[in-house]
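S.K.: A predicted structure for the sequence below; I have some questions about it.
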Amino acid sequence: MKKTKKEKKPDRDVQSSVNIGLIGHVDAGKTSLVEALTGKWVDTHSEELKRGISIRIGYADANFYKCPNCGTYFSVEENCPKCKAHGVFQRKVSFVDAPGHETLMTTMLSGAALMHGAILVVAANEDCPQAQTIEHLNAIKMSKIDQIVVVQNKIDLVTKDEALKNYAQIQKFLKSYSVSAPVIPTAAHLKVNISALIEALETHIKSPLLDENKPLKMYCGRSFDVNIPGTEIDKMFGGVLGGTILQGSVKVGDAIEISPGFDGKKVITTVCNISTASGKLDFAKPGGLIAIETTLDPSTTQNDQMKGQLIGAVGTLPEPAKEIELEVHYMDRTTSKAIQSIKIGESLVLTIGTMTSLAIVKKVQGNKISAQLKKEASFWKGQTIAISKQHEMRWRLVAYGIAQ
Ligand code: ZN
C-alpha cells in the first residue's frame, strides 16, 4: 500500500507506566486474557533480536484508550470498537505473566519482584481457590503488592446460577485472606467485558511515581546478547540488561553499578542505549519493562546470565554476600504443618528480588536462620525474601524471611 501522506504518529508513550502481573491457576485462561488485553502475545524471537529488547513469552504491552462518545467505554484499540471514534489515550501498560504451573513457582516468585499490581485470574468453571490460587496470592501479598483486580474468567462455560455460586466462593476466599479487590466477570476468548476490566485496572492499579531524589534501583529480569553471530567487533552491541526500575531514573551516558556482579565483585558499566518494545528512550523512570545496552562484553549477558542482578547508582548497592541471616515467618494455611519447619542441613530455594538461589541451612535459632548461598547475592537489610522448600517433588513457598 502506497502512503500519500506521512502517517500520524500515534499518541502513546514509549515506556509503560506500570507492570501488571497475571497470576492464578494454570487453567484459568491467563493467555487468552492477555490476548484480549493486548491483541497479541509477542513471542517472535527474530523481532526480539532486531530490537534488542525484552520481549519474550510472558511479557506484552498494551495501550488503554477511553472512547469520548460511548460513556465509560475502554479499549486497547485506538479507534473505539463500537463507534469508531478516536479514543483518548489513558496509559501504556506492561503485562508480566507468572507461570501458573506448580513446578514453576520459583519463576513466579522472581516475576513478582517486577510487578506493581496484579490480576488474579480465576476460572468460573472450577472451584475457588485452587492450590496455585492460594500460593500465588500469598506470593504477591508477601511481595507487598496490594493493588489487585480479580477476573472471574470463562463465564461463558457456566450457567448463571453456577457463575453466581462461583462468584460467592471468590468473595469468601478474598475475605478470608483480607484482600479487597473488585471481581470482574469475563469471557476472555470472546472478548466479553474487557472494557469493565480495563476500567477496574485504571481505577485500582496506580502507576509508580518518579522520585528524582532517590538513587536508581532496578531489578534485572533478563539479559541478552543481541548480536548476530559473525558481526564485526566494531559493529557489535554491548551486553543488554532487561528489567524494571523500582526507584529513581536512568539516562543514556550514566554510569551504573551491578551487584553481585561477576565472581563476587560489583561491576560498573555505562548506559549506551535504553529501549522498550515501542522504541528508544533517552531517559527511563519507574514503570514498565526497559532494556539497557551497556558497555559490558555481550558474552556476559547472553541467555539471561545476568538475571537476578541488582542495578543501581554507583556506590549505592549492597556488597555481594554468600551468607544470609533471615528472620523467618511461615505462610498461613498454605502448606501442611509438616513442612512448616526449617532444619540445619536442609536445602532451600531463596528468591531475592529477581534472583533465585539454592541455600543450605547452617544455623537455626528460634525464628532466625543462617544459610550459605550457592552463589553470591545482593540484598538490603530488612528486604523480604521468599523461602521455598521441596515437598512432594516440587518447590513450595513455605515462608518469607526478613534479611538481618
Ligand atoms: Zn465509542
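M.R.: The structure has been received and is ready for your questions.
S.K.: can you tell me which residues in this protein are near the ion?
M.R.: With CB under 5 Å from the ion as the criterion, the chain meets the ion at residues 67, 69-70, 80, 82-83, 85. Where C-beta positions appear, they are placed from N, C-alpha and C, glycine not excepted.
S.K.: need the residues you listed in TSV with secondary structure and neighbour count, can you?
M.R.: Below are those laid out as TSV (DSSP: H, G, I helix; E, B strand; the rest coil; neighbours: other CB atoms under 10 Å):
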residue	secondary structure	neighbour count
67	coil	22
69	coil	12
70	coil	16
80	coil	21
82	coil	12
83	coil	12
85	coil	14
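S.K.: where along the stretch 1-150 of the chain do the helices fall?
M.R.: Along the stretch 1-150 of the chain, counting by DSSP state H, counting those that start in this stretch, helices occupy 30-38, 45-51, 105-112, 131-142.
S.K.: by mean pLDDT, show me the worst of these.
M.R.: Of all these, mean pLDDT reaches its minimum on helix 45-51 (a mean of 42).
S.K.: what are the bridge partners for residue 265, then?
M.R.: residue 262 (DSSP bridges).
S.K.: from the residues of the chain next to the ion, pick the one nearest residue 204.
M.R.: Ranked by distance to residue 204 (CB to CB), those are led by residue 67 at 20.4 Å.
S.K.: quick check: the closest one touching residue 85?
M.R.: Yes: contact criterion CB atoms under 8 Å: residue 67 and residue 85 qualify, at 5.7 Å.
S.K.: Three-state assignment for whatever residue of the stretch 101-250 of the chain ends up closest to the ion, please.
M.R.: Going by CB to the ion, the ion is nearest to residue 195 of the stretch 101-250 of the chain, at 9.9 Å. On the three-state scheme (DSSP: H, G, I helix; E, B strand; the rest coil), residue 195 is labelled helix.
S.K.: that one and residue 121, how far apart?
M.R.: Distance, residue 195 to residue 121, by CB to CB, to the nearest Å: 17 Å.
S.K.: can you list the domains in the chain?
M.R.: Domain ranges of the chain: 11-204, 217-313, 322-403, per automatic domain parsing.
S.K.: which of those domains has the lowest mean pLDDT?
M.R.: Among the domains of the chain, domain 11-204 scores lowest, with a mean of 85.
S.K.: can you report how many residues lie near residue 245?
M.R.: As a burial measure, residue 245 scores 23 neighbours (other CB atoms under 10 Å).
S.K.: residue 230 now?
M.R.: Residue 230 has 5 nearby residues by other CB under 10 Å.
S.K.: and it, helix, strand or coil?
M.R.: At residue 230, secondary structure determined by three-state DSSP is coil.
S.K.: could you pull up the residues touching residue 289?
M.R.: With contacts defined as CB atoms under 8 Å, 6 or more residues apart in numbering, residue 289 is in contact with 16, 19, 54, 59, 94, 96, 114, 221, 242-244, 276-277.
S.K.: just those: which are in strands?
M.R.: Among the contacts of residue 289, the members found in strands (DSSP state E) are 19, 59, 94, 96, 221, 242-244, 276.
S.K.: and of the residues you listed, the nearest to residue 185?
M.R.: Nearest member of those to residue 185, counting by CB to CB, is residue 96, at 23.2 Å.
S.K.: distance check, the closest one against the ion.
M.R.: Going from residue 96 to the ion by CB to the ion, to the nearest Å gives 29 Å.
S.K.: the residue nearest to that residue when sequence neighbours are not counted - how many residues pack around it?
M.R.: Closest residue to residue 96 apart from its sequence neighbours, by CB to CB, 6 or more residues apart in numbering: residue 21 at 4.8 Å. Neighbour count of residue 21, defined by other CB under 10 Å: 27.
S.K.: residue 21 reaches residue 115, doesn't it?
M.R.: Yes: using CB under 8 Å, residue 21 makes contact with residue 115 at a distance of 3.6 Å.
S.K.: what do those two both touch?
M.R.: Counting by CB under 8 Å, 6+ apart, the residues touching both residue 21 and residue 115 are 96, 140, 145.
S.K.: in a markdown table: the residues you listed, plus neighbour count.
M.R.: Shown next, in a markdown table, are those (neighbours: other CB atoms under 10 Å):
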| residue | neighbour count |
| --- | --- |
| 96 | 24 |
| 140 | 23 |
| 145 | 20 |
